[in-house]
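Asks: have a look at this prediction, sequence included:
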Amino acid sequence: MGFLDNLKAKLEPAKEKVGDLAQQHGGKIGQGLDKAARTVDEKTKGKYSDKIDTGTRKAKEAVDKLGQKDDGTPGTPGTQGGPGASGTHGTPGAPGTQNGPGTPGSTPPPPPPAP
């Protein structure tokens, strides 16, 4: 077994743990990303909105990908990870549009997982 094979074998449990956390907390992670994006966009007075939007979208896609099972199917019900999951919470970077009540196209966050 080569060095990279050893490294991959040792990192596999960590990858599984991160995937499990992404499945369980994908909604909360997405909300945190949206909040951070809004804050940064406000502080920069919209100067970097397009870059913030792109970065937020890519980060959400990465979380969604981590939360998927190996066969590409979404994780447990109630978590993000299926087709169209990223970008469904409003327009990233636009203050006041993410998860706001009455905002067209917004969806409420998923319920927390049962204990």
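Replies: Great, that's in hand.
Asks: now for the least confident helix or strand in the chain by mean pLDDT, which elements pack on it?
Replies: The helix or strand of the chain with the poorest confidence is helix 3-43; it has a mean of 89 (mean pLDDT, DSSP states H and E). Taking 3 or more C-beta pairs under 8 Å, 6 or more residues apart in numbering; DSSP states H and E as contact, the helices and strands that helix 3-43 lies on are helix 49-66. C-beta: built from backbone N, CA, C; applies to glycine.
Asks: tell me the phi and psi of residue 47?
Replies: Backbone torsions of residue 47, given as degrees, to the nearest 10, read phi -60, psi -30.
Asks: number of residues surrounding it?
Replies: Using other C-beta atoms under 10 Å, residue 47 is surrounded by 10 other residues.
Asks: 35 is where my numbering starts, stick with that
Replies: From this message on, residue numbering opens at 35, which makes the last subject residue 81.
Asks: can you pull the pLDDT of it?
Replies: For residue 81, the model assigns a pLDDT of 94.
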